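*Asks:* sequence unknown, structure follows:
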């Protein structure tokens, strides 16, 4: 398994003003810090497509693949309702999120 490029604790807040929010009813996005986002952009050079970065994400015991996307100077981590339910994540919870690049998607 690839080495983590970001390991962070994020407050789950579906309507936070920092650019995170609810999209399409079944996905909530949480924002990486601007510093982590800059580091990610540098490390992910060559993987980025249409501004998105393909990654493997681990939250608790749940692992999934997704693409981070930029918004307001930060990358957002989309978290489906199925993951939120599996990990019993509720609004205001602080969760550890581990992000690894999906090198298989390299161009």
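*Replies:* Thanks, I have it. Here the structure is a predicted model, which is why all the values come from computation and not from measurement. Residues are numbered from 1 along each chain as shown.

*Asks:* could you give the mean pLDDT of the longest strand seen in the chain?
*Replies:* For the chain, the strand with the greatest residue count under DSSP state E is strand 62-71. For strand 62-71, mean pLDDT is 92.

*Asks:* for the helix or strand that it is followed by, which strands pair with it and how are they oriented?
*Replies:* Once strand 62-71 ends, the next helix or strand along the chain (criterion: DSSP states H and E) is strand 74-80. Counting by DSSP bridges, the strands paired with strand 74-80 are strand 27-31 (antiparallel), strand 62-71 (antiparallel).

*Asks:* kindly reformat the ones you listed as a markdown table containing distance to residue 79 and mean neighbour count.
*Replies:* (Each C-beta comes from the backbone N, C-alpha and C, glycine too.) Shown next, in a markdown table, are the strands paired with strand 74-80 (distance: least, C-beta to C-beta, whole Å; neighbours: other C-beta atoms under 10 Å):
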| stretch | distance to residue 79 | mean neighbour count |
| --- | --- | --- |
| strand 27-31 | 5 | 22 |
| strand 62-71 | 8 | 17 |
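
*Asks:* okay, these in JSON lines with distance to residue 56 next?
*Replies:* Output for the strands paired with strand 74-80, formatted as JSON lines (distance: least, C-beta to C-beta, whole Å):
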{"stretch": "strand 27-31", "distance to residue 56": "16"}
{"stretch": "strand 62-71", "distance to residue 56": "5"}
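
*Asks:* out of those, which is closest to residue 55?
*Replies:* Residue 55 sits nearest to strand 62-71 of all the strands paired with strand 74-80, at 5.7 Å, using C-beta to C-beta.

*Asks:* just how off-centre is that closest one within its chain?
*Replies:* Here strand 62-71 is found 5 Å from its chain centre; the criterion is C-alpha atoms, centre = their mean, to the nearest Å.
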